[in-house]
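**Q** pasting the sequence and the predicted coordinates here, then a few questions.
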Amino acid sequence: MRLQSWHDRPIITANLVNPAFTCEIVRECGKGYTSEISLNMPYIFLPLVLPFILPQRFRTTLPRSKATTMHAWLNNNPQLKIGLAEHIKGLVDFSKEAVMFGIIHDVLRIDENGSLEVLGKKGKASLNNDETNECLSKAATWGKILANAGDHYTVYSMLGIKP
C-alpha cells in the first residue's frame with residue numbers, strides 16, 4: 001500500500017478520505033451487515049464500501065432501505081457499472097487505511113475467519129453535517145444490502161467485476 005504522506009495530500013483528498021471518517025463509514029457498513037445476518041462482514045467486501053458511499057453519484061442512487069435487492073437496484077442503475085473497476089481500485093488503499101486506523105484505535109478487528117468485526121461503541125455515529133450523516137446512514141443500509149445479496153461471488157458478478 002502506497003499512500004501520500006498526510007501533509008502531502010491535497011486538502012480536499014485529506015478531508016474526503018480522512019482515515020477517521022472512512023473508518024466510521026466502514027464501521028457503519030459492518031454494523032449494518034452484522035445486524036442482518038449475525039456474522040461479521042467478510043473482508044472481501046471492504047473494497048465495495050467507500051466507492052459506493054463517498055461519491056454522491058453512487059450514494060444518492062442507493063436504495064433507501066434493505067427492501068430493495070442489490071440486483072433490482074443495479075438493474076435500475078446500469079450506468080453505475082461504467083468504470084466501476086477503476087473507481088474501486090482508486091479507493092482500495094484508502095479502504096485499507098480506514099481498517100488500519102480502526103484496528104489501531106480498537107474499533108475494528110479482523111476475526112479468525114478473516115472478516116471485519118466492529119468493536120467499541122454500540123451507538124450510531126453522528127456528525128454535525130448533513131452530508132456526512134447521509135454517508136453514515138447509507139453505509140449502514142449498504143451493509144444490510146450486501147448481507148442480503150449473497151456470497152462474494154454473487155455480489156462481484158452482479159457488479160460485473162472480479163475481486
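**A** Structure received. Numbering: from 1, shown residues only.
**Q** would you mind measuring from the spatially most central residue of the chain to G120?
**A** With distances taken as CA atoms, centre = their mean, V49 lies nearest the centre of the chain, 1.8 Å away. Separation of V49 from G120 (CB to CB, to the nearest Å): 18 Å. All C-beta spots, glycine's among them, are computed from the backbone N, C-alpha and C.
**Q** follow-up on the earlier one: touching, the residue nearest to the centre of the chain and W142? I think so.
**A** Yes. With contact defined as CB atoms under 8 Å, V49 counts as touching W142 (7.0 Å).
**Q** what's the overlap in contacts for those two?
**A** C29 (CB atoms under 8 Å, 6 or more residues apart in numbering).
**Q** can you tell me the element E117 falls in?
**A** Using DSSP states H and E, E117 falls within strand 115-118.
**Q** how about the strands in this structure?
**A** Under the criterion DSSP state E, strands of the chain are mapped to 41-42, 108-110, 115-118.
**Q** what comes into contact with stretch 94-103?
**A** Contacts of stretch 94-103 (CB under 8 Å, 6+ apart): 1, 3, 17, 19-20, 22-23, 25-27, 46-47, 49-50, 108-110, 116.
**Q** mind listing what's buried in it?
**A** By neighbour count on 16 or more other CB atoms under 10 Å, the buried set for stretch 94-103 is 94-95, 97-99, 101-102.
**Q** in helices, which of the contacts of stretch 94-103 fall?
**A** 19-20, 22-23, 25-27, 50 (DSSP state H).
**Q** save those residues as TSV, and put in neighbour count too.
**A** TSV is the format used below for the ones in helices among the contacts of stretch 94-103 (neighbours: other CB atoms under 10 Å):
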residue	neighbour count
P19	19
A20	11
T22	25
C23	23
I25	25
V26	27
R27	27
L50	27
